[in-house]
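Student: After the sequence you'll find the predicted model.
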Amino acid sequence: MKKIYIIILSVFTIAYAGNAIQAQNFHVLDINNSKDAHPSNYSIYDYITPDFLFGKYQYAVLNNIAYFAASDGIHGIKLWRSDGTREGTFMVEEINTGSSLSSINRITASGNKIYFTVDNGSGSELYVSDGTGQGTSILKIFPDFPSVPSYLTDVNGALYFYAGSTNQIWKSDGTVSGTTMVCDLYSEIGGYSPTLLTNANGRLFFVAQSFFDGNEIYTTDGVPGSTHMVKDINPYAGSEPTQLTPVNGLLCFAADDGSGQRQLWVSDGTDAGTYKANNPNNIIVDNWYGITFTVKDETVYFSGNINDNDGSHFCAYNTADAANTINIIKNINPGFFSNNLYNITNVGGTLFFTVFNGKDQVLWKSDGTEAGTMQVRNINPGGRNIYLYKDFADANGTLLFSFYDDAHGYEIWKSNGTEAGTIMIKDISAGPSGSRADNITYIGNSVSLFEATDGKNGLELWRTDGTPDGTFMVKNINKSVSSSSFPSALTQNADSSKLLFVANDLKYGQELCITDGSQEGTHLVKDLLKGSFGSSPYHIVNMNNETYFLANIIDTANHTTSDVSVITKLCKTKGTPATTKILSLPSLESIINENALTEVYWMGASSDLLYLYIINHATNEAELWRSDGTKAGTFPLKQNMYAYYAVNLKTVGDKLFFTDYDFTYGYELFVSNGTIAGTGIVRDIAPGANGSNPSNFSSFNGQLYFTADIGYGPFACSSNGTLAGTNPVKALIIATSPFVEANNKLFFTGSRTVGRGTELYAIDKINNIAYLVKDIYRGPASSGIYNLAGGDSLIYFTADDGIHGPQLWKSDGTKQSTKILLTIPDLSNAYIADFTTVHNKLFFTLNGGLWQSDGTNAGTHIIDDANLLNVTSLSNLTAFNSKLAFTAFEPSTGYELYVGDVEDKFIPAVSNAESILKNTTALNSFTVYPNPAKDVINVHTNSTAIISLMDQQGRTIFTKPVDKIGVIDVSKLPAGVYYLKNNTTGETQKVAVAR
């Protein structure tokens, strides 16, 4: 692998040195150009499974200073701190994690220190900080492997956490010597995978599963040997405790004792002191994600229900009440479903929460009495009302929250408990996309910090004191690196002149976009789901000069949920907002939105009809539908199909071929002409209950070509949709690959005789007879053909002739034209993939680099383009209108779409490509440090070299000779990303300058 990497890089760098930075054909279409610092504190994905009930979003606060993770575009994601002022907002220190892509999570204040985890890609470790660079260090627990800490929890100044790599509970005082194991769950209690670590009266409580019981509550006082199960509430099965909440020296939680109902329990940490609260009304605790218990004085408040049709009840349990009884304060919505009372938050003694009233999600408050429990305000009657999950904050007695309505999107709001006093603080980013205010955290002195965008800058750190003038961006942390749009579903439009794709950006979310290959010709097709949510289009297909796709659209008829209710609908477009329509097809919509386990597995188009294969995973049944875009022309063709069998579908002309299982015929070939009567089995190819298992469907010469097991192997077959017209291809060939078309022929790999292995075959369009193209690896061995890709008149593939090893080959279907293109040493150890043709030119990736071939040795080379200098993760190669598009990652732009012309004049050939490959030399490597740098960069080379410093556009800032050791002065350069190039070898390294 190392050798081929050197070979490839040598080709690139030698050509690059000769051409300097001239070729800039391929260019990035930076769809999501928002430069986001994204100040956050993620903790909901702990260890293996997400735990939404434990999730924390607010920043950690210590001594009125917020700590959070953010990226400035230079150092990657690092620990930052802010006191709410520009001067007081800075990176704590560049932590040497070994990777700029490392992540920081679970930031937690405990005692007088800040703890957090850092994952550099090889497992996370625990760090501690006093808020200074000098006081930030790793707490390395295990010398040979990462500790993978999670559930960081403060217990009276000591930090407790779960070391996931060893299944142990640990605690720390912030020093290496003071970081000790509390319990080895596996050996001491036979337990594993603890969750919901909670401090109650100085004891740690948590939920764990044992070998003999399901999930139950355990506790420890931090002394080794003190960990024990609190009570075996539901022996063997487990009570699945949730919503662990400390109150008045006790722990309140919800559990199921085997009755099938989750009820309120109380514990002091002992078996005898763990009991179910008196429950005369048989209140079942609501347990949907985001529904938590809240404490006021000695009372815990929660949402419960008596049955699913009686609405959510606002309930209270007073731990100081000798009656030990749950009281219903108010039945908020009699007659409506349960699990719809969210965000109960104590704000200066007033309990705020949101509740669904049957039409809108509205804000309520309570003082703990029925009379004092009332609606505060219905902000957007009849529209979308979304209170951001877990984002209620007590700002010194005022409620702050992030709220979404149709006109403003997510913005920051406040409430004093009155209708008039419930207002938007500031419309930070006007319009339905909003500012996306999030992570609201009160740090003291009337200041709250949060994440937001004003539409000009990305997601940055903002502050508010509750007034419009006191609401502003604290600091623009990231000025250099934009976020990713993650383009996907790259598809030619109906006339192949443009490319459709799905991309995500900060303003619109994930929506359908279109490009002609230029930046100015790239735009959103239409914002189908208004705001930043995104309609997430998928299954993009062309029919009758229009493009059809499925997308998530607002369900205006559904007022049964408290969030944005969307349904999947069929849409069509010609690439402009005016031509983009949402089709109304009630019968189809009722099927594809039947339940959460229903999916449109496949959608395709014949010459005049759309076909949809819909699977209901709840029943493991499928249905085949058709649509011409009208209500009358949309209906099922075949129902009660067996979805758990492999599915193959292919349109050929005006027909759809597909596979289905029948108890009489087994797994066989079916066809449909778009009518119910014209939908049925084509032929019982292999009589009996097993069937012929048709696969590898391909359209060629107006017929379907496929492989089918006719009793002794998967043979190449063809079908015109009739019984008589469905037969094995003449010259019976066992086909072992999908079919690929080129030069009026259909190519595939197959075998026929015992004395010859699997080789390249073709079916001629004129006589429909299969023949051997060439016995590449002569004799009984196979040539291992793969990566078949067809152009206009050439087919490309990799094969091994037994002499040169796996290499790149070409063929036009004749023996004499089937030959090796270029001998690349050690190709068997390289990663070669993504074969894509544009007319007769092949493009592919080789060990991460983009290559091309025009069918000649000289025209087969790595693509020399300065814009691809720092590009990695190339994939999704797609041809359109004599252009090539692909997705790739570049540090300054993220994962984005790249497009380039593919004519020879745009892609200069690399001179002497074959000789370069055969006569490689080792790279004259060089090292640079520190990185990032502030004033100087030290450069070490293996020998005398010429070093150039370039900016992100490839422009040379200065060049100087270095004799093994050199110093580059960068003290006067602005902060940002630069590149150092060794002109002697062509090797380039990225460096960052920090200020």
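Tutor: Right, received. Where do you want to start? Numbering: from 1, shown residues only.

Student: do you know how far residue 340 is from residue 387?
Tutor: 12 Å (C-beta to C-beta, to the nearest Å). Every C-beta, even on glycine, is put in place using the N, C-alpha and C of the backbone.

Student: same check, this time on residue 68
Tutor: Separation of residue 68 from residue 387 (C-beta to C-beta) stands at 22 Å.

Student: and if you look at residue 301?
Tutor: According to C-beta to C-beta, residue 301 stands 17 Å off from residue 387.

Student: same deal with residue 145?
Tutor: Taking C-beta to C-beta, one finds residue 145 at 42 Å from residue 387.

Student: If you count surrounding residues, which of the two has more?
Tutor: It is residue 387, of residue 145 and residue 387, that has more neighbours when counted by other C-beta atoms under 10 Å, with 25 against 11.

Student: which residues touch the nearest residue to that one once chain neighbours are set aside?
Tutor: Of all residues not flanking residue 387 in the chain, residue 354 sits nearest, at 4.7 Å (C-beta to C-beta, 6 or more residues apart in numbering). Contacts for residue 354 (C-beta atoms under 8 Å, 6 or more residues apart in numbering) come out as 341-343, 361-364, 387, 562.

Student: Then residue 722?
Tutor: Counting by C-beta under 8 Å, 6+ apart, residue 722 touches residue 682.

Student: So residue 186, which state does it fall into?
Tutor: helix (DSSP: H, G, I helix; E, B strand; the rest coil).

Student: so it makes contact with residue 167?
Tutor: Yes: the pair residue 186 and residue 167 passes the contact test of C-beta atoms under 8 Å, sitting 5.0 Å apart.

Student: the helices in the stretch 701-850 of the chain, which residues?
Tutor: With DSSP state H, counting those that start in this stretch, there are no helices along the stretch 701-850 of the chain.

Student: Okay, now the unreliable bits of it?
Tutor: The stretch 701-850 of the chain contains residues with pLDDT under 70 at 754.

Student: Tell me which stretches of the stretch 151-300 of the chain form helices.
Tutor: 185-189.

Student: Break the chain into its domains for me.
Tutor: 1-30+837-917, 733-830 (automatic domain parsing).

Student: can you put these in a markdown table and add mean neighbour count and distance to residue 942?
Tutor: Converted to a markdown table, these look like this (neighbours: other C-beta atoms under 10 Å; distance: least, C-beta to C-beta, whole Å):
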| stretch | mean neighbour count | distance to residue 942 |
| --- | --- | --- |
| domain 1-30+837-917 | 19 | 14 |
| domain 733-830 | 19 | 23 |
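
Student: Out of those, which is closest to residue 350?
Tutor: domain 1-30+837-917 (43.2 Å; C-beta to C-beta).

Student: related to what we said a few turns ago, from the contacts of residue 354, which has minimum pLDDT?
Tutor: Lowest in pLDDT among the contacts of residue 354 is residue 562, which has 49.

Student: Let me see the confidence value for the residue nearest the centre of the chain.
Tutor: Nearest to the mean C-alpha position of the chain, by C-alpha atoms, centre = their mean, lies residue 486 at 8.8 Å. pLDDT for residue 486: 94.

Student: and it, that one's in a helix?
Tutor: No: applying three-state DSSP, one finds residue 486 to be coil, outside a helix.

Student: Quick check, it in contact with residue 504.
Tutor: Yes: applying C-beta under 8 Å, one finds residue 486 in contact with residue 504, separated by 5.6 Å.

Student: related to what we said a few turns ago, partner strands of the one helix or strand the residue nearest to residue 387 maps to, with direction?
Tutor: According to DSSP states H and E, residue 354 maps onto strand 350-356. According to DSSP bridges, strand 350-356 forms sheet pairs with strand 341-347 (antiparallel), strand 361-366 (antiparallel).

Student: Kindly reformat these as a markdown table containing mean neighbour count and distance to residue 78.
Tutor: Listed next are the strands paired with strand 350-356 as a markdown table, based on neighbours: other C-beta under 10 Å; distance: least, C-beta to C-beta, whole Å:
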| stretch | mean neighbour count | distance to residue 78 |
| --- | --- | --- |
| strand 341-347 | 22 | 31 |
| strand 361-366 | 22 | 37 |
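
Student: Out of those, which gets nearest to residue 943?
Tutor: Here strand 341-347 is closest among these (C-beta to C-beta), at 65.3 Å.

Student: Now tell me what touches the closest one from outside.
Tutor: Contacts to strand 341-347, defined as C-beta under 8 Å, 6+ apart, come from residues 286, 290-296, 301-303, 312, 314, 332, 351-355, 387, 389-394, 397-399, 401, 562.

Student: residues touching the closest residue to residue 130 other than its chain neighbours, list them.
Tutor: Distance criterion C-beta to C-beta, 6+ apart; nearest residue to residue 130, sequence neighbours excluded, is residue 113 at 5.9 Å. By C-beta under 8 Å, 6+ apart, the contact set of residue 113 is 62, 128-130, 159, 174.

Student: Any idea what residue 113 is bridged to?
Tutor: Beta-bridge partners recorded for residue 113 (DSSP bridges): residue 110.

Student: Check the gap between it and residue 65 for me.
Tutor: Applying C-beta to C-beta to residue 113 and residue 65 gives a distance of 12 Å.

Student: Then residue 287?
Tutor: As judged by C-beta to C-beta, residue 287 and residue 65 stand 35 Å apart.

Student: Also residue 525?
Tutor: Plainly put, residue 525 is 45 Å away from residue 65 if you go by C-beta to C-beta.

Student: And those two? Which one has more around it.
Tutor: The residue with more neighbours, out of residue 525 and residue 65, is residue 525; 24 against 20, by other C-beta under 10 Å.

Student: pretty sure that one contacts residue 581?
Tutor: No: distance between residue 525 and residue 581: 11.4 Å, which falls outside the contact criterion (C-beta under 8 Å).

Student: which residues are common contacts for the two?
Tutor: residue 573.

Student: what bits of the stretch 351-500 of the chain have low per-residue confidence?
Tutor: Using pLDDT under 70, the stretch 351-500 of the chain drops low at 389-390.

Student: Go ahead and list the helix or strand containing residue 587.
Tutor: helix 586-592.

Student: thought residue 594 was touching residue 616?
Tutor: Yes: look at residue 594 against residue 616 with C-beta under 8 Å: they come within range, at 6.5 Å.

Student: what about the two, which has more around it?
Tutor: residue 616 (17 against 13).

Student: Distance check, the more buried one against residue 622.
Tutor: If you go by C-beta to C-beta, the gap between residue 616 and residue 622 works out to 7 Å.

Student: what's the overlap in contacts for the two?
Tutor: Common contacts of residue 616 and residue 622 (C-beta under 8 Å, 6+ apart): residue 643.

Student: In contact with residue 808, which residues are there?
Tutor: 796-798, 820-822, 824, 827, 832, 853, 860.

Student: ok, the closest residue to it other than its chain neighbours - contacts?
Tutor: Excluding the flanking residues, the one nearest residue 808 by C-beta to C-beta, 6+ apart is residue 821, at 4.6 Å. By C-beta under 8 Å, 6+ apart, the contact set of residue 821 is 796, 807-810, 853, 855-857, 860.
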